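Colleague: Just the structure for this:
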Amino acid sequence: MTGDVGGIPTLGEAVHDSDRNRVGRVMGHVGPYVQLRPLAGGLEWDADPGHLRSLTPAELLSALVAEANARSRRPG
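Modeller: Purely as a prediction, here's the structure:
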């Protein structure tokens, strides 16, 4: 994916889903949808590829830091 809205992202790519305002990693493609999973793992969701865009390196770093911070605040 080139960062253009509407492109088809590749497996493993980190993208922003503007429908849900979430960041996820591409886990697969089924029919017209792309399956995304949060960067730190969790439940997948279906996304419209027309509402996805690639993350910039700075956005990816920020998302990874936010996930790490969230994990560090969880009990136990």
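Colleague: Please name the bridge partners of the most centrally placed residue in the chain.
Modeller: By Cα atoms, centre = their mean, the chain has its centre lying nearest to G24, at 1.6 Å. Counting by DSSP bridges, G24 forms beta bridges with V15.
Colleague: Numbering from 366 from now on, please.
Modeller: Yep, numbering from 366; the last one is G389 now.
Colleague: I'd guessed it sits against E378; true?
Modeller: No. In this structure, G389 is not within contact of E378 by Cβ atoms under 8 Å, at 9.6 Å. C-beta coordinates here come from the backbone N, C-alpha and C atoms, glycine included.
Colleague: counting contacts, what elements does the helix or strand of the chain with the lowest mean pLDDT pack onto?
Modeller: When the helices and strands of the chain are scored by mean pLDDT, DSSP states H and E, helix 422-438 comes last with a mean of 91. Applying 3 or more Cβ pairs under 8 Å, 6 or more residues apart in numbering; DSSP states H and E, we find helix 422-438 packed against strand 379-382.
Colleague: Give me the residue ranges of this protein where confidence is low.
Modeller: Filtered on pLDDT under 70, the chain yields the residue ranges 366-372, 441.
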